[in-house]
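A.B. asks: Just the structure for this:
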Amino acid sequence: MLQLSVTTRHTNAPASELHALAERELQKVQRFFQGPLRADVVFSEERGFKHVEVRLHANGQELIAKEKGESFLQALNQVAEILIRQLRKLKTRRSAR
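C.D. replies: Prediction:
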C-alpha cells in the first residue's frame, strides 16, 4: 500500500495533476517492495527547471531521491529509477544478513 503526500512550491501546475502523476510513477517503485510505503513528494520550479524530491519511508528506512529536468514527468521518471535502485540495494543487504 502506498501513502502519498504531495507538496508544490513555486509552481503554477495544478496540484491534482501532479498528485496523479506522482501516484502513477511511484506505482513502479511499489512493485519492488512488499509492505507499506509512505512517500513525501515535493514539486518545485526554479530557473526554468522542474525539481522533484521524494522521501520514501519503507520499514523504518528513509530513501531520498532528488532530480531536476525540463518537465516534471522527466524528473519524476529519473527519481523513480533512483528509488528502485536504492530498494534493490536495500533488499540485497537485508538478504545477505
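A.B. asks: how close does Ala20 get to Ile64?
C.D. replies: For Ala20, the distance to Ile64 (Cβ to Cβ, to the nearest Å) stands at 23 Å. Where C-beta positions appear, they are placed from N, C-alpha and C, glycine not excepted.
A.B. asks: where in this protein is pLDDT low?
C.D. replies: Scanning the chain for pLDDT under 70 picks out 97.
A.B. asks: all strands for it, in order.
C.D. replies: Applying DSSP state E to the chain gives strands spanning 2-9, 37-46, 49-58, 61-69.
A.B. asks: Highest mean neighbour count out of the ones you listed?
C.D. replies: Comparing the strands of the chain by mean neighbour count (mean count of other Cβ atoms under 10 Å), strand 49-58 ranks first with a mean of 20.
A.B. asks: Okay, now the sheet partners of it, with direction.
C.D. replies: Paired strands of strand 49-58, with direction, are strand 37-46 (antiparallel), strand 61-69 (antiparallel) (DSSP bridges).
A.B. asks: roughly how far out does the shortest one sit from the chain middle?
C.D. replies: Taking Cα atoms, centre = their mean, to the nearest Å, one finds strand 61-69 lying 6 Å from the centre of the chain it belongs to.
A.B. asks: who touches that strand?
C.D. replies: By Cβ atoms under 8 Å, 6 or more residues apart in numbering, the residues outside strand 61-69 that reach it are 49-56, 75-76, 78-79, 82-83, 86-87, 90.
A.B. asks: can you rerun that using 7 Å?
C.D. replies: By Cβ atoms under 7 Å, 6 or more residues apart in numbering, the residues outside strand 61-69 that reach it are 49-56, 75, 78-79, 82-83, 86-87, 90.
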